[in-house]
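1. I need the structure of the sequence given here:
(2 chains)
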Amino acid sequence: MNLQSTIQAILTQAVQSCLDEGDFSAPMPEVVIGHPKRPEHGDFACNVALALARPAKRKPRDLAEAIVARIEDSESLLAATDIAGPGFINIRFSESVWHRLLGDILAAGESWGAGETRESPRVLIEFVSANPTGPLHVGHGRGAVVGDALARLLRLAGYPVTTEYYLNDAGSQVQKLARSLQYRALELLAARDDSRTAPAEPAEGEWYPGDYVIVAAQRYLDEVGEPPSGDPTAGQLSDLAAFAVEQQRISIAATLDRLNISFDVWFSEKSLHESGALTEALAEMRSKRHLFDQDGSVWFRSTDFGDEKDRVVVRKSGEPTYFAADIAYHRNKYDRGFDHLINIWGADHHGYIPRMKGAAQAMGRTAESLEVLLVQFVALIKDGEKMKQGKRLGQFVTVDEVVEQVGADVARYFFLERKFDAQVDFDLDVALSEDPKENPAKYTQYGHARACSILAKAESELGMKVPAYDLALAARLTHPDELAILRRLADFPVIVSEAAEAREPHRIVTWLHDLARAFQSYYTRLRRDNDTVLPPASQRDAGWQQRWDMDKMKARLLWVDAIRLVSRNALTLLGLEAPTYMTRLEDPDTSGGQDA
RNA sequence: GCGCCCGUAGCUCAGAUGGAUAGAGCGUCGGACUUCGAAUCCGCAGGUCGGGUGUUCGAGUCACCCCGGGCGCACCA
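-> Here you go, the predicted structure:
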């Protein structure tokens, strides 16, 4: 049980006592606990007296006084309970609570922050699912990182989570890819053999002209041999298509791997067609009278579920639509035992949500069991101007380009830093700059590296390992910043839980950045105050141990270890490296700058 | 025209589900290294929270209406 839950329980009990004893009468309210904005107001604040004022028809301050009088603090956790302002109840824990908390954190280790493991709902997160017809671009990258972080977040919060990539290996775009591969392979053959005639370039819009197809074509020649020629109909090119798709899948997986993302499942759209799952899904919907025939096509009456118009599932030609496959796909997800589906889509797909939720309902599921999160676009800034993006323009920045330039950690940090439902600007001029500058991703990692560095130095130079936790030792932590940082560490499990429920990984980033800042601020100021954690080199003469406050140092080593641990947990949660050391940068100003 | 997302400091964004004096980073300006790591820290300046009306003890947060930006409105995937 975390401290926030503890204080909530105490106050809930107090309010209940007031009601039972007739101090005032009102329906039992929900007791909400938060942090006051100003730390001098206490560790936690509660506004329940304000909320009760209206139903109880009493002044909030009177209510607050009654509630405070009923607080039972059997374990003497509380140092102060004040009533402030219009009727806030401000709570301050005694210092020993924070000292004990340090022991809890160190004992929990990697599981500090984890929620209680639960069996249900089983969650399937589907994300990226970009067509396997080319490299991932920056927009895909954002969805990929957000989806991955969300999966990590929900797992840490305790949910059973599976991640999945829906591979669109059926449909017209795959034939287009096969045609492109065929053309490139024949082109390569003609280039090395004069007796061959070069193939005719496919019509514009009928193929993918990108260089990556040439790479795949070369591999095809190496591994399979000469491609089939002639009229590129689907049947003749199906082997070619399968090869091309697999090449792209491998390439995409490699890109994602560089971003520290891997999927539990790659789900093939084609398998739905081949297994008959698609036919089955439509048959079920027909039997439940959700389909009708009109104009030679088969329609899903999605308007029954709030969609603005009905949708075709089988074309006049007899070919099922992409939507039909998606219905079968989601039916399959449910059939595999997942009760809660999370789909992460690009913002341009929002019009697709009502029909998909309608399909879920038509299959007997709730609209809520299918949760669609829309990741907004990334606007690229180059030379101070927004770039027009899009495949049609042939200019889009790939994930690989970005990762190569800035590294996976910085790229991930950038995508996770903001709410995903707001558009962001990605300034290439800054991100791709060789100058590392001030970088919040590096700054945050540096907090962890610095903590590691202190511990390493204590051991290597002073022979001091992190001691075993001991409450008397922890009680030596009296610096206000030390206690304030312990409060932050205590928040981590709460932040994890709230961020998971709200689907907002960026809250972890904000929290971690704040922690790093608090730690670095403390650390730099200690030096100014001549109150360092470890004795400076100048003081390590013979017998320094007698003059140095060894217990305070040990307590601080414990404390630094807790910061290291929780920082590491948070970085891992975000999918970032937790470096133990970062090479020192040269200061550009000291190496030959001009006189001012 | 209809629908979804977004408008908070010069720029990029937080604001923990309606609370107390709206916060960071970058940028500007001024300071702090003989010392446990200066990839650091401290300080100054910078705001009618796009505008308006409403809901109530209380609104950046909720509702409605405007203004502005982005994206959708396929028998494409």
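2. C-alpha from now on. contacts and neighbour counts both.
-> Noted.
3. so residue A:162 is in which element?
-> strand A:161-167 (DSSP states H and E).
4. just checking, what packs against that strand?
-> strand A:123-126, helix A:138-156, strand A:265-268 (3 or more CA pairs under 8 Å, 6 or more residues apart in numbering; DSSP states H and E).
5. show me what contacts the closest residue to residue A:346 other than its chain neighbours?
-> Using CA to CA, 6 or more residues apart in numbering and skipping the chain neighbours, the partner closest in space to residue A:346 is residue A:375 (5.1 Å). Counting by CA atoms under 8 Å, 6 or more residues apart in numbering, residue A:375 makes contact with A:142-143, A:344-347, A:420-422.
6. closest to residue A:511 among those residues?
-> residue A:420 (16.6 Å; CA to CA).
7. what about the residue nearest the centre of chain A, distance to residue A:379?
-> Nearest to the geometric centre of chain A sits residue A:149, at 2.4 Å (CA atoms, centre = their mean). According to CA to CA, to the nearest Å, residue A:149 and residue A:379 sit 21 Å apart.
8. what does residue A:63 give?
-> Where residue A:379 is concerned, residue A:63 sits at a distance of 52 Å (CA to CA).
9. what ranges does the stretch 451-596 of chain A have for its helices?
-> A:471-474, A:480-502, A:506-528, A:544-547, A:550-573 (DSSP state H, counting those that start in this stretch).
10. ok, and which of those helices has the densest surroundings?
-> Stretch with highest mean neighbour count among the helices of the stretch 451-596 of chain A: helix A:550-573 (a mean of 22; mean count of other CA atoms under 10 Å).
11. taking helix A:138-156 as reference, get the angle to that one.
-> Put simply, helix A:550-573 runs at 120 degrees to helix A:138-156, going by axes from the mean of the first three to the mean of the last three CA atoms, to 10 degrees.
12. and helix A:550-573, what does it pack against?
-> Helix A:550-573 packs on helix A:95-108, helix A:138-156, helix A:440-462, helix A:471-474, helix A:480-502, helix A:506-528, going by 3+ CA pairs under 8 Å, 6+ apart.
13. mind listing what the closest residue in space to residue A:35 that isn't next to it in sequence touches?
-> Distance criterion CA to CA, 6+ apart; nearest residue to residue A:35, sequence neighbours excluded, is residue A:44 at 4.6 Å. Counting by CA under 8 Å, 6+ apart, residue A:44 touches A:4, A:33-36, A:90-92.
14. among those residues, which are in helices?
-> residue A:4 (DSSP state H).
15. inside strands: which ones of the contacts of residue A:44?
-> If you go by DSSP state E, those have A:33-34, A:90-92 in strands.
16. show me which of the residues you listed is closest to residue A:198.
-> Taking the ones in strands among the contacts of residue A:44 together and measuring to residue A:198 by CA to CA, the closest member is residue A:34, at 71.2 Å.
17. what is the burial count for that closest one?
-> 13 (other CA atoms under 10 Å).
18. ditto for residue A:405
-> Residue A:405 - counted by other CA under 10 Å - has 16 other residues nearby.
19. how close does it sit to RNA strand B?
-> According to CA to the nearest atom of the strand, to the nearest Å, residue A:405 and RNA strand B sit 14 Å apart.
20. check contacts around the nearest residue in space to residue A:307 that is not next to it in sequence.
-> Counting by CA to CA, 6+ apart, residue A:307 lies nearest to residue A:354, which is 5.2 Å off, once chain neighbours are set aside. Residues near residue A:354 by CA under 8 Å, 6+ apart: A:302, A:305-307.
21. next secondary structure after the strand or helix carrying residue A:354?
-> In the assignment (DSSP H and E), residue A:354 maps to helix A:353-362. Counting by DSSP H and E, the next helix or strand C-terminal to helix A:353-362 is strand A:370-375.
22. more neighbours: residue A:63 and residue A:379, which one.
-> Taking neighbours as other CA under 10 Å, residue A:63 and residue A:379 compare with residue A:63 leading, 23 against 18.
23. count the neighbours of the nearest residue to the more buried one once chain neighbours are set aside for me.
-> The spatial neighbour of residue A:63 that comes closest, neighbours along the chain excluded (CA to CA, 6+ apart), is residue A:49 at 5.6 Å. If you count neighbours by other CA under 10 Å, residue A:49 ends up with 27.
24. same question for residue A:23.
-> Neighbours of residue A:23 (other CA under 10 Å): 15.
25. quick check: phi and psi at the residue with the largest distance to the centre of chain A.
-> The C-alpha centroid of chain A is most remote from residue A:195, which lies 55.2 Å away (CA atoms, centre = their mean). Note on residue A:195: its backbone torsions stand at phi -70, psi -10 [degrees, to the nearest 10].
26. what parts of the stretch 201-350 of chain A come near RNA strand B?
-> Residues of the stretch 201-350 of chain A found near RNA strand B (CA under 7 Å from any atom of the strand) are A:294-297, A:311-317, A:321-323, A:347-350.
27. now, of these, which are buried?
-> Buried members of those, scored by 16 or more other CA atoms under 10 Å, are A:297, A:311-314, A:323, A:347.
28. let me know the pLDDT of the closest residue to RNA strand B within the stretch 401-550 of chain A.
-> The nearest approach of the stretch 401-550 of chain A to RNA strand B comes at residue A:424, 3.0 Å away (CA to the nearest atom of the strand). Per-residue pLDDT puts residue A:424 at 82.
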